[in-house]
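Participant: Sequence first, predicted model second:
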Amino acid sequence: MIYDTLKLVHVLAVILWFGGGVMLTLVAGRASRTSLAALAPVARIGAGLGSFFGAVSGVAFLTGVGMVLATDGPAWEWGSTFIVIGVVVFLASSVLGSRFIGPRYAVLADAAESHDEHATAAARSAVVVVTMIDLTLLTIAVASMVYRWGA
């Protein structure tokens, strides 16, 4: 019962983590095609979502650890490929989000608010590249969990 509850919370946290990143990317992309005035508040929101992404990714990580430690579920090993991938992606995504994505959204918001089209385009490109790397890593982690690579 504990394992199943942890798994449910883990999956819900990953949905929020991944889905939040996808939704923010889509909304920011739509806003950037509208106007700098439309993009600025969306980018400012993106810059401020670090606590949300930190919380949901942290819940996903902690429930993942809990599932490995749970005695009423499958006997997972820390060295299983899918568990190693999950830990590595959590760490990589944490660094990408806190050191690159959030700060780049802040730069994007500043550029859009100052109506600097050149700086906005450069910041938007940086946000897109790093976000795509992050979402690709998360997709790999999800696939590794679904197919339990190395279990």
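Facilitator: That came through fine.

Participant: For the chain, give me the ranges with low pLDDT.
Facilitator: Within the chain, not a single segment meets pLDDT under 70.

Participant: Now do G21 against A109, distance only.
Facilitator: The gap separating G21 from A109 is 17 Å, by CB to CB, to the nearest Å. For glycine as for every other residue, the C-beta is placed from the backbone atoms N, C-alpha and C.

Participant: And for V95?
Facilitator: In terms of CB to CB, V95 sits 21 Å off from A109.

Participant: So for these two, which sits in the more crowded spot?
Facilitator: Neighbour count, other CB atoms under 10 Å: between V95 and A109, A109 has more, with 22 against 12.

Participant: so what's the nearest residue to S98 once chain neighbours are set aside up against?
Facilitator: Spatial nearest neighbour of S98, chain neighbours left out: G50 (6.1 Å); criterion: CB to CB, 6 or more residues apart in numbering. The contact partners of G50, by CB atoms under 8 Å, 6 or more residues apart in numbering, come to G97, S98, G102.

Participant: Can you lay out those as JSON lines showing neighbour count and distance to G29?
Facilitator: Listed next are the contacts of G50 as JSON lines, based on neighbours: other CB atoms under 10 Å; distance: CB to CB, whole Å:
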{"residue": "G97", "neighbour count": "21", "distance to G29": "18"}
{"residue": "S98", "neighbour count": "13", "distance to G29": "22"}
{"residue": "G102", "neighbour count": "19", "distance to G29": "17"}
